[in-house]
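Colleague: Predicted structure and sequence below. I'll ask about it afterward.
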Amino acid sequence: MDITTGFIVIGVIHGVLYFFDNFFKTCAHYPYLKFLEGTGFQISFLSIKWKTKAFNRVIIRWGNSRPRFLHLWFTLGLYASLLLLPVSVLLLLYSFIQNVFVSAEGGVIIEPVVPGVNLPVSELGYYSLTLVLCSIVHELGHALAAVLENVNLIDTGANIFYILPVAYVSLSTEKFSSLNRKNVLKILCAGIWHNLVLTLFAFLLFQALPFIFSSFYHVNKGITIANIAKHSPLLGSKGLSVGDTVYRVNDCDINDENKWYSCLQSLEGPKPAFCIESDVVHSLDESIPLKHLENGNLDCCDKEKSKNICFEYLDSADGVLELPSHACLPGRSVVEKSTNFCSADPHACPNGFYCFRPILANGTNLFKIICEDKNVIYLGLASDIYRTVEVSSYIPNIFFNSTVLPDVVTKFVKYTAVISLGLAIVNVIPFIYMDGQHIADVLGLILLRKRCGKSGARIITVIITWFFTFILVIQCLLTILKVLL
């Protein structure tokens, strides 16, 4: 099932639930109404809400267990969140300017996460689970800070907006509004603070995972092929297989997953050059008179009779052994026999070997993937490898033959750090219906009330909130459109 079909199915399920919910409520169907009342479910258009009082007692006990520590904890959270506010605003403005006025190839700093667009569908489960975890931690911060300030906790629960699960807590607005502004800010910033702490914890855990798993797996000694898509051009008897250990791609050494992707990215640029033995050139050369192609390249192979590749001799001016300036050679054979690369200038090759570079179409490259027990030769795009081959930084040892456990833990921790930081940034920015809106209201009253009056301060904060709401919405829409187009 592709992502579009999945979204349609989820939409149909929401529609069916919404129809029957209205139908049973219109008929005053008592068992159904009793079910909703007992379980705490509420169904609305493209939304399912669940609320309960079951966790109130536990949260109240936690909030009253160590009041002195929690007062210090949430005071630190207040200052940390207020420091994050200008940083987040500047990041948003920078990303907006970058997105609108600059054609940035490196991507923007703040962008929405959209399944099937910039989030692999296969990782939607990680995204959903970490979003639930981060929102629970966020709301727990609000709840504990509220209990500490004697604000009544009404209930807790969760909302599913189409496919996005989000936790929430309901507080007594009457008691909340009677607090002094500093304590109000503590409660408003508590969720952001908890997300920052969770981000730091997940980041440190992510850095420690290679050490933790090093007792059970080989780490920083290459990568393991974890999965290959069925349509991958690398799949086959002469290609890669699940479980292969890869140490190098061309002249780029690989010790972990990050290095694998950085090597592929670097190989999207200049074509690699190979040290080829002179006897191989003379014996396998099938070149014809040079032809100029429409793309500006030269070709020395007869494509109708041969699948060879035209190689350019980079040091042809030396006239060594009268090697031809261009040679039509079988790519797989010469690359397999080549033991060195000579892309850097000067082109250094062992004695008897000389530097040749394949002449290929834009984007296409010649890859020599060096594995533990074989070499894989691939002619194509680096993006094809990137999109269709999943790798792991963990190489199984004699006791473990699967990388599933460390890969799952690593992805979950990585998503937790990213999503939690994203929630902290979005929540602190003045945006309607988010914590930032209420933080801006309180800060506006503190900073502007004496000069502008209460109504003037509220007008200014409303303008600021709507301005940043507009900026953030446009930023998200432009980022999605650029990815789609």
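Modeller: That came in fine, so what should we check first?
Colleague: low pLDDT regions in the protein?
Modeller: For the chain, applying pLDDT under 70 flags the ranges 1-3, 102-121, 295-296, 316-321, 398, 483-485.
Colleague: Helices of that one, residue ranges please.
Modeller: Here the chain has its helices, by DSSP state H, at 3-26, 30-39, 56-65, 67-101, 124-148, 173-177, 181-213, 257-266, 278-284, 331-337, 382-388, 404-428, 435-484.
Colleague: Run me through the strand neighbours of the strand ranked longest in the chain, direction for each.
Modeller: Scanning the chain for the longest strand, with DSSP state E as the assignment, gives strand 217-228. Counting by DSSP bridges, the strands paired with strand 217-228 are strand 245-249 (antiparallel), strand 389-396 (antiparallel).
Colleague: Deepest in the core, which of those is it.
Modeller: Greatest average neighbour count among the strands paired with strand 217-228 goes to strand 389-396 (a mean of 23), per mean count of other C-beta atoms under 10 Å. C-beta: built from backbone N, CA, C; applies to glycine.
Colleague: just checking, residue 339 touches residue 274?
Modeller: No. Using C-beta atoms under 8 Å, residue 339 makes no contact with residue 274, being 9.2 Å away.
Colleague: More neighbours: which of those two?
Modeller: More neighbours surround residue 274 than the other of residue 339 and residue 274, with 27 against 12 (other C-beta atoms under 10 Å).
Colleague: Give me the contact list for stretch 408-425.
Modeller: By C-beta atoms under 8 Å, 6 or more residues apart in numbering, the surrounding residues in contact with stretch 408-425 are 81, 84, 88, 91, 110, 113, 123, 126-127, 129-131, 133-135, 137-138, 192, 195-196, 198-199, 202-203, 205-206, 209, 393.
Colleague: For ChimeraX, what selects the buried ones among those?
Modeller: Remark: buried members of those, expressed as a ChimeraX selection using 16 or more other C-beta atoms under 10 Å:
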select :81,84,88,91,110,126,127,130,131,133,134,135,137,138,192,195,196,198,199,202,203,205,206,209,393
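Colleague: could the helices of the chain go into JSON lines alongside distance to residue 353?
Modeller: Output for the helices of the chain, formatted as JSON lines (distance: least, C-beta to C-beta, whole Å):
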{"stretch": "helix 3-26", "distance to residue 353": "49"}
{"stretch": "helix 30-39", "distance to residue 353": "75"}
{"stretch": "helix 56-65", "distance to residue 353": "70"}
{"stretch": "helix 67-101", "distance to residue 353": "46"}
{"stretch": "helix 124-148", "distance to residue 353": "47"}
{"stretch": "helix 173-177", "distance to residue 353": "77"}
{"stretch": "helix 181-213", "distance to residue 353": "37"}
{"stretch": "helix 257-266", "distance to residue 353": "23"}
{"stretch": "helix 278-284", "distance to residue 353": "8"}
{"stretch": "helix 331-337", "distance to residue 353": "10"}
{"stretch": "helix 382-388", "distance to residue 353": "25"}
{"stretch": "helix 404-428", "distance to residue 353": "40"}
{"stretch": "helix 435-484", "distance to residue 353": "44"}
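Colleague: just so I know, which of those helices lies nearest residue 165?
Modeller: helix 124-148 (5.0 Å; C-beta to C-beta).
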